[in-house]
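Colleague: okay, here's the prediction I keep looking at, along with the sequence it came from:
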Amino acid sequence: MLSRFLALDRLLLPTQPLWRVQPFHHLDLPWQHTHPALCEALSALDLPALQGLEQDALGRQALLWPLVPQAAELATLCRLPHLPCSAPMAAPAHVPGRKWAQIWAFAQQLDAADRQGHILEWCAGKGHLGRLLARQGQPVVSLEWDADLCQAARQLSAGLPQQIVQQDVLASGSGPWLAGARQAVALHACGDLHRHLLQQGVAQGVASLSLAPCCYHKHAHEQYQPLSRAAQASALGLTRRQLQLPLQETVTGGARVRRLRWQELSWRLTFDALQRDLRGEETYLPLPSFAKERLAGELLAFIRWAADTKGLTLPAQLDVTPYLQQAQARLAQVLRMELVLGLFRRPLELWLLCDYALYLQEQGYGVSLAEFCERPLTPRNILLQAHKLASAEGG
């Protein structure tokens, strides 16, 4: 684990100019002087070719690996064992199919030998994972802070050995629940929620931890706070913005999802061209996340919403056509930059997961990282499992 981490760190440090880029902030490729051959190859790709490469891993590899010397080694470092999984049983009516397949695959990897005593489900939501484990005869305690979700979970778990507890897992009251658990599990707990599980699990001496982390950027600090000694010694210095990078990819969904993504990029860029004109400033003005339903209306309605969100006054007569044309040209540039960023999303995620794993090793746990399902099912498909070693338990 330490060798993998140090190798990732060694390769990520010199490539920072390639992956610390924020595409929407740049009108042109920012690597013209440092990576001219890379920029030349990217500039030769038109929009259809760029869109096609988003779904063509081998094509991206053939294009980019010769131009980014560290790319091949980074990809090798990101290879993890793939855990076998049986076909899922039919999804319950109240659980979406893709979500159920993730829950099933995750639950398959929980070793029955470690299921003595109750299992603690961390950030349970409606308790779907815990309910599956309870149906298998395992006593489960599910912690969730949202009262409505707790109520729904209680109704769904009636008659099962599953206790639903309303609990803010970041509060001090979560510790006693961990203290009584033999095993703690968390499927896609976000940011500080899964980090707190690691730290509290260690503090309470939980024998076994199984988690698939998500949303690393949901972190209380602007600057990432490493857990392990090796990551604390690193000069990488990740910010919350870089912690978002692993999440900024589309591997699930079909053609409709991709079309919506390109539409959203185009509309955001249209507003960006307009706001630069209105403000007389060549700087990016970020918009917040929004529900995809907003893309179902007209572009002009979206522009009005965006302007209102950022406190800008639009002219009474507004022709968005020239700004849309600018956006179409910039869309290709954004996709060119995102192709390069794509080389570093998984390596950054593995750097973070190795930090977690090394921290647990320092605390006396044996740790493994593996893929518990295919990435098209969920890109957050890495399972971290930790088991307290007998020597540490004896100490």
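Modeller: Happy to help now that I have it.
Colleague: show me where the stretch 251-395 of the chain has its strands.
Modeller: Applying DSSP state E, counting those that start in this stretch to the stretch 251-395 of the chain gives strands spanning 365-371, 382-388.
Colleague: could you give the angle of the first one to strand 382-388?
Modeller: Here the directions of strand 365-371 and strand 382-388 differ by 160 degrees (axes from the mean of the first three to the mean of the last three C-alpha atoms, to 10 degrees).
Colleague: follow-up on the earlier one: now mean pLDDT, distance to L74 and mean neighbour count too, for the strands of the stretch 251-395 of the chain, in JSON lines please.
Modeller: C-beta coordinates here come from the backbone N, C-alpha and C atoms, glycine included. JSON lines is the format used below for the strands of the stretch 251-395 of the chain (pLDDT from 0 to 100; distance: least, C-beta to C-beta, whole Å; neighbours: other C-beta atoms under 10 Å):
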{"stretch": "strand 365-371", "mean pLDDT": "97", "distance to L74": "16", "mean neighbour count": "17"}
{"stretch": "strand 382-388", "mean pLDDT": "97", "distance to L74": "16", "mean neighbour count": "23"}
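Colleague: to Q138, which of those strands lies closest?
Modeller: Smallest distance to Q138 across the strands of the stretch 251-395 of the chain (C-beta to C-beta): 16.4 Å, for strand 382-388.
Colleague: about what we covered before: want to throw the strands of the stretch 251-395 of the chain into CSV with distance to P213?
Modeller: What follows is the strands of the stretch 251-395 of the chain, written out as CSV (distance: least, C-beta to C-beta, whole Å):
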stretch, distance to P213
strand 365-371, 11
strand 382-388, 7
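Colleague: of all residues in the chain, which one is nearest the centre?
Modeller: For the chain, the residue nearest the mean C-alpha position is L247 (3.7 Å; C-alpha atoms, centre = their mean).
Colleague: show the pLDDT at it.
Modeller: At L247, the pLDDT value in this model is 88.
Colleague: gap between it and P213?
Modeller: L247 sits 11 Å away from P213, going by C-beta to C-beta, to the nearest Å.
Colleague: shaky segments in the stretch 251-395 of the chain?
Modeller: Counting by pLDDT under 70, the stretch 251-395 of the chain has low-confidence residues at 251-253, 391-395.
Colleague: quick one: the helices in it?
Modeller: With DSSP state H, counting those that start in this stretch as the criterion, the stretch 251-395 of the chain has helices at 255-279, 299-309, 321-362, 390-394.
Colleague: what packs against the second one?
Modeller: Meaning helix 299-309. Using 3 or more C-beta pairs under 8 Å, 6 or more residues apart in numbering; DSSP states H and E, the elements in contact with helix 299-309 are helix 255-279.
Colleague: 10 Å - rerun?
Modeller: Packing partners of helix 299-309 (3 or more C-beta pairs under 10 Å, 6 or more residues apart in numbering; DSSP states H and E): helix 255-279, helix 321-362.
Colleague: show me which positions of that helix end up buried.
Modeller: 299, 302-304, 306-307 (16 or more other C-beta atoms under 10 Å).
Colleague: return the closest of these with respect to Q136.
Modeller: Nearest member of these to Q136, counting by C-beta to C-beta, is F302, at 47.2 Å.
Colleague: that closest one touches R268, doesn't it?
Modeller: Yes: between F302 and R268 a contact is recorded at 8.9 Å, counting by C-beta atoms under 10 Å.
Colleague: what touches both of the two?
Modeller: Taking C-beta atoms under 10 Å, 6 or more residues apart in numbering as the contact rule, F302 and R268 both touch 287, 290.
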